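Novice: next input, structure requested:
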Amino acid sequence: MRLGVVGVVTNPRDEILLCRTARRGWSLPGGFLDPGESPADALRREVSEETGVGCVVADIVATCFSAEQAICSIVARASSPSTPLRPDGVEVLDARWCRARAAREVIEAESHRLFLALCEQERRPTICWYSGTGGRVGSLSTTLGRDLSRDLLRAVRRGR
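Specialist: Numbers count the residues shown, from 1 in each chain. Alright, predicted model coming up:
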């Protein structure tokens with residue numbers, strides 16, 4: 001299983017940073033951790049490499065598992081004081097800031113829509129598992145109600 005980090009990075013105008021890659025289309029920034037690297041350090045590195053901006057990691061919102069993809073993704077909330085974007089042109093073909101509603105509409109990977117929905121929830125922390133092909137979502141948390149899985153799945157399917 002590989003360990004990755006995905007960030008919901010916002011700027012002072014409360015816009016969300018999105019990256020367009022050839023593999024995932026429009027998605028949230030992130031990538032895999034290097035050996036010995038912390039999730040916060042990995043997110044800062046990935047955002048900088050992919051978009052040319054720095055970010056400050058605020059908190060870890062969720063840990064999500066996909067057995068099908070053999071990935072454990074740590075989902076973090078972060079902010080960026082700088083807004084000019086410089087996509088690397090290799091891994092990231094384009095990058096942009098957009099409002100949350102637009103982000104929910106253009107993010108192509110269902111897992112990234114789930115990650116955005118988790119960051120928009122007030123209740124946390126969350127441990128969740130998802131199926132990329134079956135659309136199943138489950139979650140565990142001492143602070144979350146049992147209806148969260150159903151609510152998140154509905155939000156993801158609606159593109160919210």
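
Novice: got the buried residues for the strand ranked longest in the chain?
Specialist: In the chain, assigned by DSSP state E, the strand with the most residues is strand 56-66. For strand 56-66, burial by neighbour count (16 or more other CB atoms under 10 Å) applies to Val57, Ala58, Ile60, Val61, Ala62, Thr63, Cys64, Phe65, Ser66. Backbone N, C-alpha and C define where each C-beta goes, glycine included.

Novice: now the helix or strand containing Ala40: buried residues?
Specialist: Using DSSP states H and E, Ala40 sits in helix 39-51. Neighbour counts over helix 39-51 (16+ other CB under 10 Å) mark Pro39, Ala40, Ala42, Leu43, Arg44, Glu46, Val47, Ser48, Glu50, Thr51 as buried.

Novice: ranges for the strands of this protein?
Specialist: Using DSSP E, strands in the chain cover 2-10, 16-21, 25-27, 30-32, 56-66, 71-79, 94-98, 126-130, 137-140.

Novice: strands paired with the third one, and their directions?
Specialist: Strands adjacent to strand 25-27 in the sheet, as given by DSSP bridges, are strand 16-21 (antiparallel).

Novice: please save the CA atoms from the strand it pairs with in CSV.
Specialist: Provided in CSV are the C-alpha atoms of strand 16-21 (Å, rounded to 0.1, in the frame of the first residue of the first chain):
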residue,chain,number,x,y,z
ILE,A,16,-9.5,26.2,-4.1
LEU,A,17,-6.4,25.2,-5.9
LEU,A,18,-7.0,22.6,-8.7
CYS,A,19,-4.4,20.9,-11.0
ARG,A,20,-5.0,19.3,-14.3
THR,A,21,-3.0,16.2,-15.1
